[in-house]
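>>> I'd like to go over a predicted model; first the sequence, then the structure.
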Amino acid sequence: MTKNPQLKSIVVRLAGDSGDGIQLMGSQFAVSTALSGSDFATFPDYPAEIRAPAGTTFGVSAYQINLGDDPITTPGDSPDVLVAFNPAALKVSLPMLHPGTLIIVNNDGFSARNLTKAGYDANPLDDDSLSEYTVVAADIGRLNLESVAEFGLSKSDGGQCKNFWALGLLFWMFDRSLDSAIGWLDRRLKNAPAMRDANVAALRAGHAYGETSELSAVEKVRVGEAQLEPGRYRSITGSEAMALGIAAAGELADRQVLFCSYPITPSSPLLHRLAKLGEHGVGTFQAEDEIAAVGAAIGASYGGMIGATSSSGPGIALKTEALGLAVSAELPLLVVNWQRGGPSTGLPTKTEQSDLYQAIYGRNGDTPIPVLAAASAGDCFDTAIEATRIALRHMTPVILLADGYLSNAAEPWRIPDLSDYAPIESHPVEASDSSDPQRLAFARDASSLGRAWVTPGMPDLVHRIGGLEKDLSSGHISYDPDNHQAMTDLRRKKLESVANFIPDQAMEFGDDKGDIVLVGWGSTRGPLYQAARRTGTSFIHIRYLNPLPKNLGELLSGFRSVVVAEMNDGQLSTVLRDKLGIQPTPLTKVTGQPFLISELVKAIEQERSKL
Amino acid sequence: MTKNPQLKSIVVRLAGDSGDGIQLMGSQFAVSTALSGSDFATFPDYPAEIRAPAGTTFGVSAYQINLGDDPITTPGDSPDVLVAFNPAALKVSLPMLHPGTLIIVNNDGFSARNLTKAGYDANPLDDDSLSEYTVVAADIGRLNLESVAEFGLSKSDGGQCKNFWALGLLFWMFDRSLDSAIGWLDRRLKNAPAMRDANVAALRAGHAYGETSELSAVEKVRVGEAQLEPGRYRSITGSEAMALGIAAAGELADRQVLFCSYPITPSSPLLHRLAKLGEHGVGTFQAEDEIAAVGAAIGASYGGMIGATSSSGPGIALKTEALGLAVSAELPLLVVNWQRGGPSTGLPTKTEQSDLYQAIYGRNGDTPIPVLAAASAGDCFDTAIEATRIALRHMTPVILLADGYLSNAAEPWRIPDLSDYAPIESHPVEASDSSDPQRLAFARDASSLGRAWVTPGMPDLVHRIGGLEKDLSSGHISYDPDNHQAMTDLRRKKLESVANFIPDQAMEFGDDKGDIVLVGWGSTRGPLYQAARRTGTSFIHIRYLNPLPKNLGELLSGFRSVVVAEMNDGQLSTVLRDKLGIQPTPLTKVTGQPFLISELVKAIEQERSKL
Amino acid sequence: MSSQLTAKDFASSQEIRWCPGCGDYAILKSMTKALADVGARPDNTAFVSGIGCAARFPYYVNTYGFHTIHGRAPAIATGLKLANPELDVWVVTGDGDALSIGGNHLIHTLRRNVGLKILLFNNEVYGLTKGQYSPTSRLGTRTPSSPDGSFDVPISAGQLALGCGGRFFARAIDTDKTGLAHVLEQAHAFDGSALTEIYQNCIVYNKDVYASFTDRKTAHDTQLHLRHGEPMLFGKDSERGIAFDNERYVLKIVDASTASDPILIHDETNEVIARLLIALDKPVALGVIYRNPAVAYETAFHAHHPSNMQRRRSVADVIAGPNSWQVE
Amino acid sequence: MSSQLTAKDFASSQEIRWCPGCGDYAILKSMTKALADVGARPDNTAFVSGIGCAARFPYYVNTYGFHTIHGRAPAIATGLKLANPELDVWVVTGDGDALSIGGNHLIHTLRRNVGLKILLFNNEVYGLTKGQYSPTSRLGTRTPSSPDGSFDVPISAGQLALGCGGRFFARAIDTDKTGLAHVLEQAHAFDGSALTEIYQNCIVYNKDVYASFTDRKTAHDTQLHLRHGEPMLFGKDSERGIAFDNERYVLKIVDASTASDPILIHDETNEVIARLLIALDKPVALGVIYRNPAVAYETAFHAHHPSNMQRRRSVADVIAGPNSWQVE
Ligand SMILES: Cc1ncc(C[n+]2csc(CCOP(=O)(O)OP(=O)(O)O)c2C)c(N)n1
Ligand SMILES: Cc1ncc(C[n+]2csc(CCOP(=O)(O)OP(=O)(O)O)c2C)c(N)n1
Ligand code: SF4
Ligand code: SF4
Ligand SMILES: [Mg+2]
Ligand SMILES: [Mg+2]
């Protein structure tokens, strides 16, 4: 690490055992970063096990944060500061470092036992294997225990404060106030005053250690303030933004929301968050499985609430039969997919974008469903509102793709004003002379092809719906061959009509003509944006994946090469070939890890050299 | 109908109430057609209800058969002979007829009540609305009852013989022997001698009626014999051929087959047929639902039997999560999808090809699965063997697409000789010095990338498998990022490697260069072939849909226009755009009905005029 | 609300598509009558069904109706009931729909005690798919998928219901108007999940499978009609009764006049006896076999909900979270 | 075969990835010991699991193992058992895996009586997904998905098992070596579906939820260890016993020396008492609560199969069908 205290941006990585409280420490550091006015992006990266045995490499839990004044859109490629609580944490982080990285290690974690568990034959702190880095080894374990000794905690409870000790040290380095962390401890440990006091003491002790020790390598770091648009900001994760967005969508539609789900990583945080939004017109139902969850959501929509459900790939697979029912019965439904590494159970805690095929094509029958994707944590809010708007306007299920990265990662977010959003509307029941309520229920809006949302309990509108084919005009069951063709056409046109309501595709960066355009979707916006900027490449990021924005084909035709970057084996490339007939160059990464800016830059340069 | 008794081909349609025994009558007529040496194709078309109320149009059950000496590949566009048991049957069939069609009606079915139920204001037999046809009205109901009077049956039991009465009349017209039908009655009604005798009497009475009545319009029809390749033939439906093919695949692999399924239309006939092949090494397990069915099949494959399952679209949707497991664990599995009209419950008894997206793209994760389709009833046999061969060679689930039309339709089939088929093999466990059986279980064949099929019970090979990501070489759980990329690549390459083992795509008809090539897949081969012949258009029919045959792209590039005909909203067109980057012209039909030759001819001519 | 409706008002105009003679017709008739009798309102009533012959039911009732997908009706109806607890929600399902593919939703709906009236038309066969054996088919049932006779041990709807914590279980015969009317009315009145098993004759694929006890002529001897608080008597002159054998823990049939063991008085809340009654096969127990009310799920759901599912506060109130900052 | 194996031979070399202190460790230990004790062979034993913390089990046992997908292990294991009835097939599952998403497969496996030894690790919580309430969580359980306390009525594994026709139900505590060893051995010996519920302590998300009866110090008073044919006694000096109250049809606790009602002798085949024992909460009934053998599904399957799943005849023999003809 250079000694220049005023940096444009800096990447900090915290790593330790699952039981070390790394994620908590990270999120507290992020809050304080936010309050300090820096822009930032975070990447929590933790193991599949709840608490893997201490000391193992597969049990390492890490939290990476990138902060600075430059618009920060990724958690950073390579850490400038690494805090490693044990040898395993050091070992798995080393490949990411660059010469000069400042490594702060907890000396006490480097026991012979832990070294063996991590697969070290010798202690790397003792030989010169870390010579290209700046290493600070502090007895964090011991110093922490000393700082909390007075509170009479058990050794294990006392030891648990060491994340706050280390946080204190970081706060000192970054010249942060301790207030936000103390405030959090006050609220969280209201009923455990001894633990609260011990953590505060550890925090102060770590801070004091920075102030008083002779750590010559560590200098205070001052990071510039972000150049953010004026406004009120908060730090937000994708789960939090999605929950608020779903509640807001209900408010904009003036309907209650019934969110029905079955827990699965990384979808569960959305359920947890929504479970606390009861006062905001949201109910949550934890179903016995994913099929019951989507079923109950469909039932809720049938009953006039906004039915919503969420899962990740394997759970969405189980919902596909029911999605066909929602398409056939023309009921609104919000389906969120927090994608994770596949196939099958795959890499449940790692991120991936490999459910795009499933979202667009993954059903029996000709069963079109609109598909949207959120591009960042904060964007989950707007995309949830947009998806709900489409669901109600066109009376259709809508799939909203997010992923494991978005679920957990935090970023600063400009708090929107709800009154800036248009109300969400559905096609009303139209007065008519038809005496057949079945017809009234299937009367359509000419532009959206959405039918009226008639729900049980409404007087004089008794009718029946179901999954058998229906007559185009009367809505009654029909086995008529021509009608089936007409209904197939209708469902296709309904999907296509969505394109008339969504905005044209805009350039995210750069000119709308040129050699290369970088195309992405979903959570990769951050690294793609940086790579585009650094290489001066035009960049398009797609939110509306099905149907695609009407102008997209033309826009892409302004470039000689369309490079499609995604965290899967080339699924958007397939969609673009299918829908636009173009021949993109896939740039794929399927490692369970987000793109690094550097690898994107390299790939773009390679592509350029080929043109 | 012309009076020329020697016809190249003739289309007969039988139509009546669901309770009239139309399907039985049809299949008996088909058997006798087969034995007479004519080529033929059939199309049973029946309602969703088990027995819809008598007399209604939605309750009409029909059976169409096309027979002749010309290679017959479709059930025919337009009937030359219609047998209608009641007004509803007449009504729904009329739009298909051409001037001159011979209509034989059951006078007794045209009661006032039945006319009303069918929506007739006046009796069409009494006005001149049928004047362009040749109408023969016989009192079939009464004549039949008289013929069976002596057997002392109840009126309802006696009335049930009228299909055999009508069959007798048809046999007279077509100069057929009564033997096959009597033989069938002997076997089937072994334990009900009165019913057997009554049916035989009705059959003879109908036959005698033709012989003795003054039906001037009806002359005996003699249809030419088919120009079939020499060999022994039988009549076969797709379900029957699929069942025999699955049993034969087990035999060729020298493994037992465990077929696990949950009933669903039109998949159930396969379960029924396989339930009778116990002596041939096939076990059937009727599971509690589709998920249990695919689960048990996977378990059977894990245990060393060939696990197989079958369903139609909605049921396959439920199986998709488990298919991912089979891909991840690399277990062989045969999955048959008898497609039907979608979305959702859709048109359960009608045929469609709309689950191609689901088969190729319909899973979470990057989860490639080979996909094949059967082109005709008889072809189900070979395709089942081929699919099983791929499953065992590459250790992968394989999806075999069939449809409702194939399930029920019958055609003559040249009985193959099992000894002409190569044995089916899987990659054996290789001797090695590795002491880790996990490695042995995941050792791969270099060309197919199939792993060894190690099953519990084998000595010294204890190992573990599952749906989490596995290390490429050791097979142990791995969360390593680069390994996940390597495994994703492996799964893609494994799919691609299938193309090295399948035959090159051949022309089904015509030159391999030209203006237009007609492309199809699955059960539409019959009408496409005829349309290609009639219009002199080149024709390609694809059996291997994923991966596509290696030469397909080049083959298609020899044509200015690629017309892709399918019974869905353009799904193969998507696949060709995706995989080959070509721009086909979709020719779609989504009515639940097979293509007519005439509509194909028209569409091809239109396309030609545009070139 | 306005004038009293009749059974006719609850019959829809849709053409009925069951086989002539199917037991479903009789059930439909009793249902429309029961709806009229309990004073239901079409606007406020919904029938939700899965797939099967039975599941066609909603088309024929003049109320709101949702013909959903196979096995999932209880889940979908749960969402509907949570969205609108004021609705009368009926679920119509078959033995395959409810007990085979839908088994999981059924047991979870019952244990939660969601206020759904679930009518299980048990014909011991998959009717719509042409006659395969079902989870209630008896051992040895020959069907296209069990040509040599089935060997899957059948499941009992009643035992399952009680095993998963169901609070109401009743039973009736399709053509027994009085008995069926009674249980439909009781189910309607129950605040929670009410499972009613109806023995239904599939004349095409499982004709007369219940003939041994549905025959009117011998009904006295083969049917035990239960009424809470009344003694368990049957026979032409109520000459026989049911007693509990507390050596062997089984029910036994005793002579009403001479029995030494006391004849049981039907106590709908007695789970032990209810289970034995469900298992009884001669006579077959009919009526409300078990009823033991508990709070309905939708009641708990809305009561636990901080605002009874109303929107009390705008999202704007919480959108800023605990920490926010101003950028100028 | 060959020499006697020890618990060590059944421990795999895989690193164990449960939280330190998790009850799963104790179960694993008892299991490997039980396998050795019953003379199991690694080659002939397979563990099949779904998804969850519990479902990691197969990785740690040195036998064949298949870690499948959530809830489906019983279905997959059924296929395996049918394919190879000679195998010892164990299913390891959690309360979520078995009773939530997997409920349907569990009940159908039990009613068919497939020869699987099913171990249900009940920790009353979804461990792997970080602590949401499960179908066995008690009313009022506060979790991330039930911040104000759950209000779904919990399901009882034992009642469900008996309700769907299960023929073997046993119960044990993770850390009770003797009790657990006993039921594992009995399950292993049972020819049919053997469901064993193991109370398992999830120290992270549901710590000490069973403390009221697992505490060794008070175990005498809180645990009732059942043995077939022996009287149901508990207490330090076996001073108390269980009797049946045949007025109220409930179990009651009586003083062993003075009781007027006879102390029950445990009869594993008595379904009525088994159900009451399952519901008992003070003391908690442990051991084999119900065992009533019937033919195992795989036995019936192979017996009904015309050739015991062997290939007796070639397809060539039937390929021609009843009618074929020659074209020259
Ligand atoms: C997912 C799915 N699987 C299977 C089917 C086929 N199917 C329709 S109804 C039915 C069973 C019907 O049996 P039951 O519920 O007893 O009703 P019944 O027809 O006897 O009234 C089956 C298997 C389906 N429609 N959907
Ligand atoms: C189809 C599917 N849905 C959901 C999940 C997420 N999931 C994994 S384990 C689990 C529940 C685990 O609870 P339990 O079975 O009690 O096991 P425990 O972890 O408590 O041992 C859930 C919901 C999944 N993996 N797959
Ligand atoms: S098949 Fe059976 S259950 Fe279905 S409608 Fe016909 S008689 Fe009724
Ligand atoms: S979360 Fe609970 S059940 Fe899972 S490993 Fe940890 S302690 Fe055990
Ligand atoms: Mg049924
Ligand atoms: Mg659990």
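Nice, thanks for sending it over. Ligands and ions are numbered 1, 2, ... in the order given.

>>> and residue 58, what is it in contact with?
Went with chain A since none was named. By C-beta atoms under 8 Å, 6 or more residues apart in numbering or on different chains, the contact list for residue A:58 reads A:47, A:49, A:52, B:479, D:15, D:17. (C-beta placed from N, C-alpha, C; glycine too.)

>>> that's the wrong chain, I wanted chain C
Shown in contact with residue C:58 (C-beta under 8 Å, 6+ apart): A:464, A:466, C:47-49, C:65-67, C:92.

>>> And for the closest residue to it other than its chain neighbours, the neighbour number?
Spatial nearest neighbour of residue C:58, chain neighbours left out: residue C:65 (3.0 Å); criterion: C-beta to C-beta, 6 or more residues apart in numbering or on different chains. Neighbourhood size, residue C:65 [other C-beta atoms under 10 Å in any protein chain shown]: 26.

>>> Distance of residue C:65 relative to ligand 3?
Distance of residue C:65 to ligand 3, computed by C-beta to the nearest ligand atom, to the nearest Å: 18 Å.

>>> quick check: domain ranges of chain A?
Following automatic domain parsing, one finds the domains of chain A at A:9-212, A:234-420, A:437-490, A:514-610.

>>> Nearest to residue B:212, out of those domains?
Set against residue B:212 and scored by C-beta to C-beta, these come closest in domain A:437-490, at 40.4 Å.

>>> That closest one: end-to-end distance?
21 Å (C-alpha to C-alpha, to the nearest Å).

>>> can you tell me if it touches ligand 1.
No - if you take C-beta under 6 Å from any ligand atom as the test, domain A:437-490 misses ligand 1, and the best it gets is 8.8 Å.

>>> Distance from that domain to the middle of the chain?
Relative to the centre of its chain, domain A:437-490 is centred 37 Å away, using C-alpha atoms, centre = their mean, to the nearest Å.

>>> and residue A:579, how many residues sit next to it?
By the criterion of other C-beta under 10 Å, residue A:579 has 17 neighbours.

>>> who touches it in this structure?
By C-beta under 8 Å, 6+ apart, residue A:579 lies in contact with A:547-548.

>>> Remind me which helix or strand it belongs to.
helix A:571-580 (DSSP states H and E).

>>> Any stretches of the stretch 1-150 of chain A with poor pLDDT?
Residue ranges of the stretch 1-150 of chain A with pLDDT under 70: A:1-7.

>>> In it, what residue lies closest to chain B?
residue A:58 (6.3 Å; C-beta to the nearest C-beta).

>>> Could you check how far that residue is from residue A:93?
The gap separating residue A:58 from residue A:93 is 14 Å, by C-beta to C-beta, to the nearest Å.

>>> rewinding a little: I'd like the next helix or strand past the helix holding residue A:579.
Assignment by DSSP H and E places the next element after helix A:571-580 at strand A:585-588.

>>> just how off-centre is the next helix-or-strand element following that following strand within its chain?
Next helix or strand after strand A:585-588 toward the C-terminus (DSSP H and E): helix A:597-610. With C-alpha atoms, centre = their mean as the basis, helix A:597-610 stands 26 Å off its chain's centre.

>>> buried residues in helix A:597-610?
Neighbour-count burial for helix A:597-610 flags A:597, A:600-601, A:603-604, A:607 (criterion: 16 or more other C-beta atoms under 10 Å in any protein chain shown).

>>> same deal with stretch C:164-179?
Neighbour-count burial for stretch C:164-179 flags C:164-176, C:179 (criterion: 16+ other C-beta under 10 Å).

>>> quick one: the helices in the stretch 201-328 of chain C?
Along the stretch 201-328 of chain C, the segments classed as helices by DSSP state H, counting those that start in this stretch run C:211-214, C:219-222, C:271-279, C:297-304.

>>> re earlier: could you quantify the relative orientation of the helix holding residue A:579 and helix B:571-580 as an angle?
Interaxial angle, helix A:571-580 versus helix B:571-580 (axes from the mean of the first three to the mean of the last three C-alpha atoms, to 10 degrees): 120 degrees.

>>> one step back: now the helices of the stretch 201-328 of chain C in TSV, with distance to ligand 5, mean neighbour count and mean pLDDT?
What follows is the helices of the stretch 201-328 of chain C, written out as TSV (distance: least, C-beta to the ion, whole Å; neighbours: other C-beta atoms under 10 Å in any protein chain shown; pLDDT from 0 to 100):
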stretch	distance to ligand 5	mean neighbour count	mean pLDDT
helix C:211-214	16	15	96
helix C:219-222	22	17	96
helix C:271-279	19	21	98
helix C:297-304	27	19	94
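
>>> any chance of those helices in a markdown table, plus distance to residue B:562?
Listed next are the helices of the stretch 201-328 of chain C as a markdown table, based on distance: least, C-beta to C-beta, whole Å:
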| stretch | distance to residue B:562 |
| --- | --- |
| helix C:211-214 | 62 |
| helix C:219-222 | 69 |
| helix C:271-279 | 64 |
| helix C:297-304 | 56 |
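
>>> Surely residue A:513 and residue A:557 touch.
No - with contact defined as C-beta atoms under 8 Å, residue A:513 does not reach residue A:557; the gap is 9.4 Å.

>>> got any ranges where chain A has weak pLDDT?
Using pLDDT under 70, chain A drops low at A:1-7, A:214-220, A:433-434.

>>> for it, longest helix please?
helix A:193-212 (DSSP state H).

>>> I'd like the distance between residue C:156 and residue B:204.
Counting by C-beta to C-beta, the separation of residue C:156 from residue B:204 is 51 Å.

>>> which of those two has more neighbours?
Between residue C:156 and residue B:204, counting by other C-beta under 10 Å, residue C:156 is the more crowded of the two (21 against 17).

>>> doesn't residue D:162 make contact with the more buried one?
No - the criterion here is C-beta under 8 Å, and residue C:156 misses it with residue D:162 at 10.9 Å.

>>> Send over stretch A:15-27 as CSV, restricted to the C-alpha atoms.
Extracted in CSV, the C-alpha atoms of stretch A:15-27 (Å, rounded to 0.1, in the frame of the first residue of the first chain):
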residue,chain,number,x,y,z
ALA,A,15,-11.5,-12.7,5.9
GLY,A,16,-11.7,-15.3,8.6
ASP,A,17,-13.7,-18.2,9.9
SER,A,18,-17.4,-18.4,9.4
GLY,A,19,-17.7,-18.0,13.2
ASP,A,20,-15.5,-14.9,13.3
GLY,A,21,-18.3,-12.4,12.5
ILE,A,22,-16.7,-11.2,9.3
GLN,A,23,-20.0,-10.4,7.6
LEU,A,24,-21.1,-8.3,10.5
MET,A,25,-17.8,-6.5,10.6
GLY,A,26,-18.0,-5.9,6.9
SER,A,27,-21.5,-4.5,7.0
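
>>> could you list every residue that touches residue A:108?
Neighbouring residues of residue A:108 by C-beta under 8 Å, 6+ apart: A:139-142.

>>> Helices along the stretch 251-400 of chain A, start to end?
Assigned by DSSP H, counting those that start in this stretch, the stretch 251-400 of chain A shows helices spanning A:268-274, A:290-302, A:313-329, A:356-361, A:379-394.

>>> which secondary structure elements does the third one contact?
The elements that helix A:313-329 packs onto, with contact taken as 3 or more C-beta pairs under 8 Å, 6 or more residues apart in numbering or on different chains; DSSP states H and E, are helix A:290-302, strand A:306-311, strand A:333-339, helix A:356-361, strand A:397-403, strand A:464-466, helix B:313-329.

>>> can the third one be found next to chain C?
So the one you mean is strand A:333-339. No - Strand A:333-339 lies apart from chain C when judged by C-beta under 8 Å from any C-beta of the partner chain; the minimum separation is 10.5 Å.

>>> Equivalent analysis for the first one, please.
Yes - Helix A:290-302 lies within reach of chain C by C-beta under 8 Å from any C-beta, at A:291-293, A:295-302.
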